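S.K.: Please work out how this folds:
(one chain, ligands or ions: 1)
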Amino acid sequence: MSGTERTTVLISGGGPAGIVLGLLLGRAGIAVTVLEKHADFLRDFRGDTVHASTMRLIDDLGLAERFRRLPQGRLGNLELPDRDGSMVTIADFNRLPEPYNYVGMVPQWNLLNLLAEEAAKEPSFTLRMEAESLSLLQEGGRVAGVRYRSNRDGTEREVRADLTVVCEGRSSRLRQELDLPEVAYRVPFDAWWFRLPRCPEDQDEVRIAPLIRGSEVLLTLHREDYFQLAYLAPKGSDARLRGEGVESFRRRISALCPAFADRVDSITTMDQVHMLDVRLNLLRRWYADAALCIGDAAHAMTPVGGVGINLAVQDAVAAARILEPALQRGTVAADDLAQVQKRRMLPTRVVQTAQRAVNRAVLQPTFEGRRSGAPAPLVAVLRGVPVLSALPARLVSHGIRPEPTPAFARRAASG
Ligand SMILES: Cc1cc2nc3c(=O)[nH]c(=O)nc-3n(C[C@H](O)[C@H](O)[C@H](O)COP(=O)(O)OP(=O)(O)OC[C@H]3O[C@@H](n4cnc5c(N)ncnc54)[C@H](O)[C@@H]3O)c2cc1C
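M.R.: Here you go, the predicted model:
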């Protein structure tokens, strides 16, 4: 063990929840340290969606100009294929009021880099990259910080803190150690991520309409010079897919999207195809004595609707706003932490209920090979009354109970 540091708030995990919370608390002048186990934010599978609630936060933080300069596409709607292969719009963002009438498709590392650079301007903010939390420090039944390892030089250190916030995402080690009661929901699929090159003649229009064939689904995200693809198949298929080998995988992708047949050779080994174990779960209690879980560490989200990032960001805004007075006083009580859970439980439950409904009505029948595409009654309703597609668009874009940006974090727009 080499060294002990001291801070007010220790945040474990530098994803959307952790970086946003760190930035907001930094702007309040509260000593905050974020530990992130990776060396950078460059991970393809984090999801690219930036919804209205996050764009509004970015504007309030005075970062609108810098955000708009990031490479990005605009997604106007979410679509599902009908049984005849035609597309039906299930969420039409164009029907929402400007300027937040689209979903920004921004590579997440660009967004996190922007927020982390901004946070670094605050003297009370520290970000330690390649710093992996190993375990909680416990003192008299209270969490007193974490023990972490520097993945740069292998040394182990401690950070002692008044409050530890676990933002480690779906596979959180510290959440497991806290042993909080949890409910897990069935998810019928996993995701395999990979890249394919983009050619100059490929269309620029941003669409992430799923392509469905039998019990397989393909989602395409547009990046500047390549496509980021998610192949979805029934849970538990990883060993079979890898056993069948890369040639068979290329054939599957070409069958799902014949336009990619000319480039699937760029997948040369199944090592280029990364599996993500998709989970949907919820902690019944988000906190322990001096420790709080937010984002996916409190409620792992599936990719459905692309809302997990926004929900994590909204958790961070609520946590910063609710906890700031107690942190300034130096006395964070269990009641304060309970307020964060109370505030965020309803939006979380609503989104998870919607994800479970999509699982049951659309995904499960697809992955069990019973039906491909949206259920006929839903298609009929959305085609008959297209204005209804504004409702899911509103839910996805703003969520319910949008979190006001705390006054201490607001800044005038700057270039
Ligand atoms: C296949 C798939 C696709 C998805 N696509 C989308 C999408 O398009 N849009 C969307 O909104 N949501 C999407 N989601 C959901 C979304 O990824 C999550 O809801 C969101 O990332 C949660 O943010 P977070 O900050 O809570 O956690 P994460 O984004 O998971 O961030 C956790 C961070 O903690 C770090 N970490 C973990 N353990 C430690 C440790 N011990 N020490 C230090 N650091 C640690 C990790 O490296 C990571 O940087 C998708 C989910 C899946 C499974």
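S.K.: Can you give me the pLDDT of the residue of the stretch 1-150 of the chain found nearest the ligand?
M.R.: Of all residues in the stretch 1-150 of the chain, G15 sits closest to the ligand, at 2.1 Å by C-beta to the nearest ligand atom. No exception for glycine: its C-beta is placed from N, CA and C like everyone else's. pLDDT recorded at G15 is 97.
S.K.: contacting residues around it?
M.R.: Shown here is G15, whose contacts under the criterion C-beta atoms under 8 Å, 6 or more residues apart in numbering are 46, 112, 167-169, 295-296, 312.
S.K.: what do you get if the cut-off is 6 Å, keeping everything else the same?
M.R.: G169 (C-beta atoms under 6 Å, 6 or more residues apart in numbering).
S.K.: Over to Q339?
M.R.: I322.
S.K.: Now the helix or strand hosting it: buried residues?
M.R.: With elements delineated by DSSP states H and E, Q339 resides in helix 334-358, which encompasses its position. Counting neighbours by 16 or more other C-beta atoms under 10 Å, one finds that the buried residues in helix 334-358 are 336-337, 339-341, 343-345, 347-348, 351-352, 354-356, 358.
S.K.: Count the residues that sit near L61.
M.R.: A total of 22 residues lie near L61 under the criterion other C-beta atoms under 10 Å.
S.K.: ok, it to R147 distance?
M.R.: Counting by C-beta to C-beta, to the nearest Å, the gap from L61 to R147 is 32 Å.
S.K.: What of E201?
M.R.: Counting by C-beta to C-beta, the gap from E201 to R147 is 53 Å.
S.K.: Would you agree T331 falls within a helix?
M.R.: No: counting by DSSP: H, G, I helix; E, B strand; the rest coil, T331 is located in no helix; its state is coil.
S.K.: Which parts of the stretch 101-250 of the chain are helices?
M.R.: Taking DSSP state H, counting those that start in this stretch as the criterion, the stretch 101-250 of the chain contains helices spanning 108-119, 173-178, 238-244, 246-256.
S.K.: Surely E5 and A161 touch.
M.R.: No: E5 is not in contact with A161 according to C-beta atoms under 6 Å; the separation is 9.0 Å.
S.K.: Who has more neighbours out of the two?
M.R.: Legend: neighbour count by other C-beta under 10 Å for E5 and A161, higher for A161 (24 against 15).
S.K.: contacting residues around that one?
M.R.: Contacts for A161 were tallied using C-beta under 6 Å, 6+ apart; they are 7, 9-10, 145.
S.K.: which ones are touching W192?
M.R.: Neighbouring residues of W192 by C-beta under 6 Å, 6+ apart: 231, 273, 275.
S.K.: Show me the residues you listed that map onto strands.
M.R.: Members of the contacts of W192 lying in strands (criterion: DSSP state E): 231, 275.
S.K.: For the contacts of W192, pick the one with the most neighbours.
M.R.: Neighbour max across the contacts of W192 (other C-beta under 10 Å) = Y231, 22 neighbours.
S.K.: pLDDT value on it, please?
M.R.: Predicted confidence (pLDDT) for Y231: 95.
S.K.: And I208, by the same measure?
M.R.: In this prediction, I208 carries a pLDDT score of 67.
S.K.: I'd like the numbering to begin with 370 instead of 1 from here.
M.R.: New numbering, starting at 370: the last item is I577.
S.K.: what helix or strand is the residue nearest the centre of the chain on?
M.R.: With distances taken as C-alpha atoms, centre = their mean, the residue of the chain nearest its centroid is I678 (3.1 Å). Secondary structure assignment for I678, by DSSP H and E: helix 677-698.
S.K.: what does P734 give?
M.R.: Assigned by DSSP H and E, P734 falls in helix 733-736.
S.K.: Spell out which residues of this structure are next to the ligand.
M.R.: For the chain, the residues found near the ligand under the criterion C-beta under 6 Å from any ligand atom are 381-387, 404-407, 414-418, 501-502, 536-539, 542, 560, 645, 647, 664-666, 670, 672, 675-679, 681.
S.K.: List only buried entries from the residues you listed.
M.R.: Neighbour counting with 16+ other C-beta under 10 Å marks 381-387, 404-406, 415-418, 501-502, 536-539, 542, 560, 647, 664-666, 670, 672, 675-679, 681 as buried within the residues of the chain next to the ligand.
S.K.: domains of this protein?
M.R.: Per the record, the chain has its domains at 373-444+473-554+648-738+769-778, 558-603+605-645, by automatic domain parsing.
S.K.: Give me whichever of these is most buried.
M.R.: Mean neighbours per residue, mean count of other C-beta atoms under 10 Å, is largest over these for domain 373-444+473-554+648-738+769-778, with a mean of 20.
S.K.: Can you show me the CA trace of the helix or strand that contains E434 as PDB?
M.R.: Using DSSP H and E, the element containing E434 is helix 433-437. The C-alpha trace of helix 433-437 is given here as PDB (Å, rounded to 0.1, in the frame of the first residue of the first chain):
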ATOM      1  CA  ALA A 433     -23.600  24.900 -25.800                       C
ATOM      2  CA  GLU A 434     -21.100  26.300 -28.400                       C
ATOM      3  CA  ARG A 435     -18.400  23.700 -27.600                       C
ATOM      4  CA  PHE A 436     -20.900  20.900 -27.500                       C
ATOM      5  CA  ARG A 437     -22.300  21.900 -30.900                       C
END
